[in-house]
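A.B. asks: Here's my sequence, what's the structure:
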Amino acid sequence: MQPIDDAEREYRGWLMFGVAVSLCLTLTFRLAYLQLYQGARFAQQAEGNRVRIILQAAPRGIVSDRKGRILAANRLSYSLTLYPIKMPKDRIDQVFLRLEKLLKVDLNERRRGVERAGHRSPHRIKLLGDMDPRAIAVVSEHLAELPGVAIEPDIIRYYPNNQVAAHVIGYTGEITEKERQRLNPEQYRTGTVIGKSGLERLYDARLRGIDGAQQVEVDARGRPIQILGSRTARHGENMQLFLDLQLQMVAEKALDEQRLAGAIVVMNPQNGEILAMASRPAFNPNLFSRKLKAHEWQALTRADHPFVNRALSAYPPGSIFKIPMALAALESGRTTAQRSFLSTGSLRVGNRVFHDWHAPGFGRVNLAQSLEWSIDTVYYQLGVEMGGEIMSRYAREMGLGEPTELKLDPESAGLIPDPAWKRRVFRDGWWPGDSANMAIGQGAVNVTPLQAAVMVSAIANGGRVLVPRLVDDKSGIRIRKQSVWKPQHVEVVSQGLRKVVTGGTATVVDLPGIAIAGKTGSAESGKRKTHSWFVCYGPTKHPTVAVIVFAEAAGHGGAIAAPIARKILEHHFGIRPSPDPNPKKSP
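C.D. replies: Residues are numbered from 1 along each chain as shown. Next up, the predicted model:
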């Protein structure tokens, strides 16, 4: 072995020195990169592993009826939650598959929520709400193999009366990604509970409150060590409604007993307070406080549109439309209270014969009697004499054909046709037959039960078209229109409506000691049976209540809707229910 000369030794020395310097420089640059450029990110990750943000949902405001009885509240439950930061990225699929197998639920949507939140998010994501004891027990046994998963107390919305007033109160649910983007993605997190319909949706900002949070230091196994900081949740604003829970239940029971699809509106005609608003079929809002099961959703979708609030939906009014038509004829000077009409059972208009519901006719009658017996031929004649412009003007003056400003969910404006509307839609003129058809509430005329309540209340209070009110916000009465009808004309119409009850088509609501005025209606529905209507108010001297009953394709108003209205009136006035009212026979 030859000895290493000095030159070789020097070369090797410099080589080793170069390697050492290179390693030092590499290490220095790497440390500088990690500390200067990536320091903040790694510090955040370390802090995320050490510190956990635990959100505390704010209890929603309590909703009660006019007497303080609870309509919507909150209750304690337990939710299955996930903290993405505590779950190893390579375990996500395994954890979700394991949970789905244990609970027999589909968590694909929740998995997408985790992906949107990000793998390093310290905020909890709710996977399953309102867990039953069996689910809690099953998951608890396997928590050791489910990193990041926890079972935590939660607050959910609770409706103690189940489906009672469901269309008014509405329901809550977790925000969808589409809703979050539409509202404010910075303000709403994935999993935030918001109002989805009814008053829950309309007043969500007031009812929801402000969530609280705790900043908690945890150990390596995720167990709390100490609270570093906290913000107390702020309770949502409580809300009192004008609804009367007992009256609401009477109204809904009356529809349910007949298995009817329809609506009932009960309103104070002096101030617009809504005492009851029922719609059938309905739904149980408690179902939406948790994830719906497949069979529950199928049952809801099989029903006849249970989410539609029929009190705010528009239908042909039939003969209840004779109320504004009678007033229009008087106010426009086309008739008087003394004018005599000959009712023969039919009336020729142009080349078409329009028939009455009572084929033999009623002989000589005046305007009040035409309301008493709902005589079609009188209104065919008056409709032709007034024409579309006059009829539509007075109908709108009574609040028909436009939203009532209640602002509860999508409210139909209904439709009051006129010659301009027909030219625009059908490119055709307005014919006398159109006027005859419109005068009895058929053709293109459509009104909502709530509009009908406003209309009949305007007769009851002498001309004030009120804005209906559900929430007692201390804002006072709102008058949308103050009509200047002649008192004597309103009195003629009122007398006719009183005759309807004392001897006409709605004697079933002739209550002992209470003077009720009303009008029946039967409107073509496109089905074998007509839509059934009844509108009324009472007492006639100082009215305290207006009742509107509507039943889809159920039959004649006097036979179907009027008896339901009697039950509501009996409850309102504290009269012992009559088991079998005996109405006087029709002619």
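
A.B. asks: C-alpha from now on. contacts and neighbour counts both.
C.D. replies: Fine.

A.B. asks: Which residue, other than its chain neighbours, is closest to Pro539?
C.D. replies: Closest residue to Pro539 apart from its sequence neighbours, by Cα to Cα, 6 or more residues apart in numbering: Ala515 at 4.9 Å.

A.B. asks: That neighbour: neighbour count?
C.D. replies: Look at Ala515: counted by other Cα atoms under 10 Å, it has 18 neighbours.

A.B. asks: which ones are touching it?
C.D. replies: Residues counted as contacts of Ala515 (Cα atoms under 8 Å, 6 or more residues apart in numbering) are Arg498, Gly538, Pro539, Thr540.

A.B. asks: for those, which one is nearest Gly555?
C.D. replies: Arg498 (22.5 Å; Cα to Cα).

A.B. asks: A strand includes that closest one, no?
C.D. replies: No. Counting by DSSP: H, G, I helix; E, B strand; the rest coil, Arg498 is not part of a strand but helix.

A.B. asks: in the stretch 1-150 of the chain, which ranges drop under the pLDDT threshold?
C.D. replies: 1-6, 8-9, 11, 30-55, 122 (pLDDT under 70).

A.B. asks: Now do the helices in it.
C.D. replies: Listed in chain order, the helices of the stretch 1-150 of the chain (DSSP state H, counting those that start in this stretch) span residues 6-32, 39-50, 92-103, 108-117, 133-141.

A.B. asks: Mean neighbour count and distance to Glu405 for those helices - can I get that in TSV?
C.D. replies: Compiled in TSV, the helices of the stretch 1-150 of the chain are given as follows (neighbours: other Cα atoms under 10 Å; distance: least, Cα to Cα, whole Å):
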stretch	mean neighbour count	distance to Glu405
helix 6-32	12	65
helix 39-50	14	49
helix 92-103	15	46
helix 108-117	15	37
helix 133-141	13	45
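
A.B. asks: List the contacts of Tyr537.
C.D. replies: Applying Cα under 8 Å, 6+ apart, we find Tyr537 in contact with Pro269, Val456, Ser457, Ala460, Ile516, Ala517, Gly518, Pro543, Thr544, Val545, Ala546, Val547.

A.B. asks: ok, what's across the strand from it?
C.D. replies: On the basis of DSSP bridges, Tyr537 is bridged to Ala517, Ala546.

A.B. asks: domains of this protein?
C.D. replies: 50-240, 245-290+305-573 (automatic domain parsing).

A.B. asks: So which of the helices of the stretch 1-150 of the chain is nearest Ile175?
C.D. replies: Comparing the helices of the stretch 1-150 of the chain by their distance to Ile175 (Cα to Cα), the top pick is helix 108-117, with 11.2 Å.

A.B. asks: Residues contacting the closest one, please?
C.D. replies: Residues from elsewhere that reach helix 108-117 (Cα under 8 Å, 6+ apart): Pro84, Phe96, Ile125, Lys126, Leu127, Thr190.

A.B. asks: tell me the two of those residues that are most distant?
C.D. replies: Using Cα to Cα, the contacts of helix 108-117 span at most 17.8 Å, a distance reached by Phe96 and Thr190.

A.B. asks: Could you look up the SS state of Val465?
C.D. replies: On the three-state scheme (three-state DSSP), Val465 is labelled strand.

A.B. asks: That one: neighbour count?
C.D. replies: For Val465, using other Cα under 10 Å, the count is 29.

A.B. asks: So Leu569, which state does it fall into?
C.D. replies: Assigned with three-state DSSP, Leu569 falls in the helix class.

A.B. asks: so how far is Val508 from it?
C.D. replies: 11 Å (Cα to Cα, to the nearest Å).

A.B. asks: what about the two, which has more around it?
C.D. replies: Taking other Cα under 10 Å, Leu569 and Val508 do not tie; Leu569 has more neighbours (25 against 22).

A.B. asks: residues in contact with the more buried one?
C.D. replies: Val547.

A.B. asks: ok, it to Asp473 distance?
C.D. replies: Taken as Cα to Cα, the spacing of Leu569 relative to Asp473 amounts to 27 Å.

A.B. asks: one step back: just tell me which of the helices of the stretch 1-150 of the chain ends up closest to Pro419.
C.D. replies: Minimum separation from Pro419 across these (Cα to Cα) falls at helix 108-117, 52.1 Å.

A.B. asks: How about Arg464: which residues does it bridge to?
C.D. replies: Note on Arg464: beta-bridge partners Gln482, judged by DSSP bridges.

A.B. asks: What is the neighbour count of it?
C.D. replies: 26.

A.B. asks: Point to the residue nearest the middle of this structure.
C.D. replies: Nearest to the mean C-alpha position of the chain, counting by Cα atoms, centre = their mean, stands Gly198 at 2.9 Å.

A.B. asks: Just give the nearest non-adjacent residue to that residue, would you?
C.D. replies: Distances taken as Cα to Cα, 6+ apart place Gly170 nearest to Gly198, at 3.9 Å, with adjacent residues excluded.

A.B. asks: The one you found contacts Pro285, correct?
C.D. replies: Yes. Between Gly170 and Pro285 there is a contact at 6.8 Å, judged by Cα atoms under 8 Å.

A.B. asks: Now distance to Ala395 too, for the contacts of helix 108-117, in JSON lines please.
C.D. replies: Formatted as JSON lines, these follow (distance: Cα to Cα, whole Å):
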{"residue": "Pro84", "distance to Ala395": "60"}
{"residue": "Phe96", "distance to Ala395": "60"}
{"residue": "Ile125", "distance to Ala395": "53"}
{"residue": "Lys126", "distance to Ala395": "52"}
{"residue": "Leu127", "distance to Ala395": "53"}
{"residue": "Thr190", "distance to Ala395": "47"}
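
A.B. asks: from these, which is closest to Gly333?
C.D. replies: For the contacts of helix 108-117, the minimum distance to Gly333 (Cα to Cα) is 62.9 Å, reached by Thr190.

A.B. asks: thinking the closest one is in contact with Glu177, fair?
C.D. replies: Yes. Using Cα under 8 Å, Thr190 is in contact with Glu177, at 7.3 Å.

A.B. asks: Out of the two, name the residue with the larger neighbour count.
C.D. replies: Using other Cα under 10 Å, the more surrounded residue of Thr190 and Glu177 is Thr190, with 20 against 16.

A.B. asks: Could I get the contacting residues of the more buried one?
C.D. replies: Counting by Cα under 8 Å, 6+ apart, Thr190 makes contact with Gly113, Ala117, Ile125, Glu174, Ile175, Thr176, Glu177, Arg180.

A.B. asks: Which residue ranges of the stretch 101-250 of the chain form strands?
C.D. replies: Using DSSP state E, counting those that start in this stretch, the strands of the stretch 101-250 of the chain run over residues 125-128, 149-158, 172-174, 193-195, 212-218, 224-231, 239-240.
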